[in-house]
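**Student:** coords please:
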Amino acid sequence: MKRIIYETLTLQGFGPFSDEMSITFHDGLNNIVAANESGKSSTVAGLLATVFGLPKRSDPEQFGTERFKNWDDPATFRGSLFFTRGDERYLLKRNFDNHNIELRLIDSEDEIIETLMRSEHNPNARKPNERYEDFLRETFGMKSRAAYERTFCISQPMPEDEQLSGSVQRLLSGGDVISDEVLETISEDLKEITIYTGDRGVTPRNLNKDRELERVEEKIVEIKRQIEDIFKRKELECHTIFLRPENQGAQIIYQHEDRKRA
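**Tutor:** The predicted structure is shown next:
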């Protein structure tokens with residue numbers, strides 16, 4: 001299975017995003033930091049819905065239109081995703097209202113090389129779109145949104161074993177053909193993220209050089225140190241110390257900035 005890199009996700013009418021919202025990813029670890037209820041989880045759900053489809057469901061507790069269509073009932077309810085697979089670059093568009101999809105092979109300037117597919121993909125249809133689902137298997141390793149989410153996304157605490165879906169159980173037990181490839185992909189990605197692959201049982205021992213996670217931790221420590229230095233300098237600015245030698249020793253006089261201004 002070739003490596004997938006997400007480039008740009010655009011959502012409109014999805015979750016809290018009544019207007020068009022776009023987020024650009026970069027290769028490697030991406031951190032999305034925002035306030036509660038600002039759309040972090042909806043962004044992940046929107047990516048999954050664009051790729052795997054959004055079922056028409058009336059239960060807001062389930063993954064479906066009732067849960068994710070913006071409460072203002074916008075006229076446009078869609079998603080699009082630029083991504084690469086190996087050396088190939090794609091643009092996938094999806095209309096969540098009618099399940100219409102369009103898949104394009106594009107160049108580095110976003111020009112169309114070939115329109116690969118223009119059809120309907122309803123994840124709950126009795127007759128599946130076999131051509132698109134073959135593309136999902138070949139590209140993402142599986143056609144199930146739930147299995148992909150539980151394998152590659154960390155959004156909520158993991159369920160207990162008895163709560164795992166059948167798709168995930170087959171992956172974990174090795175009953176699915178793609179499981180070895182999935183594990184290999186996860187292992188290779190982990191080696192890029194952290195040095196402590198041995199502690200996590202991926203390699204016989206930890207790696208030799210720091211990876212992205214350790215470099216981020218070093219930056220955090222350095223930023224904390226800089227903040228402490230700034231506070232120390234400000235404290236010295238607020239309390240100026242003068243030393244004046246006197247007959248009976250050095251007298252220390254503290255002069256506050258407010259007094260100087262007065």
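**Student:** from the chain's centre, how far out does the helix or strand harbouring Glu149 sit?
**Tutor:** For Glu149, the host element (DSSP states H and E) is helix 145-152. Distance, stretch centre to chain centre, for helix 145-152: 13 Å (C-alpha atoms, centre = their mean, to the nearest Å).
**Student:** helices and strands around it, which ones?
**Tutor:** helix 40-52, helix 166-173, helix 179-193 (3 or more C-beta pairs under 8 Å, 6 or more residues apart in numbering; DSSP states H and E). In this view, the C-beta of every residue, glycine as well, is placed from N, C-alpha and C.
**Student:** In terms of mean pLDDT, which of these ranks lowest?
**Tutor:** Mean pLDDT per stretch puts helix 166-173 lowest among the helices and strands packed on helix 145-152, at a mean of 54.
**Student:** pLDDT weak spots in the stretch 101-250 of the chain?
**Tutor:** Applying pLDDT under 70 to the stretch 101-250 of the chain flags residues 154-183, 237-250.
**Student:** residues near the closest residue to Tyr148 other than its chain neighbours, how many?
**Tutor:** In this structure, Tyr148 finds its nearest non-sequential neighbour in Met142, 5.6 Å apart by C-beta to C-beta, 6 or more residues apart in numbering. Each residue near Met142 was counted by other C-beta atoms under 10 Å, and the total is 24.
**Student:** Phi first, then psi, for Met142.
**Tutor:** With angles defined as degrees, to the nearest 10, Met142 sits at phi -170, psi 160.
**Student:** Look up how far Arg131 lies from it.
**Tutor:** 16 Å (C-beta to C-beta, to the nearest Å).
**Student:** sorry, back to before: what are the C-alpha coordinates of the helix holding Glu149, in CSV please?
**Tutor:** This file holds the C-alpha atoms of helix 145-152, laid out as CSV (Å, rounded to 0.1, in the frame of the first residue of the first chain):
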residue,chain,number,x,y,z
ARG,A,145,-15.0,4.2,7.5
ALA,A,146,-15.4,2.8,11.1
ALA,A,147,-12.4,0.4,10.6
TYR,A,148,-10.2,3.2,9.2
GLU,A,149,-11.2,5.6,12.0
ARG,A,150,-10.4,3.1,14.8
THR,A,151,-7.2,2.1,13.2
PHE,A,152,-5.7,5.5,12.3
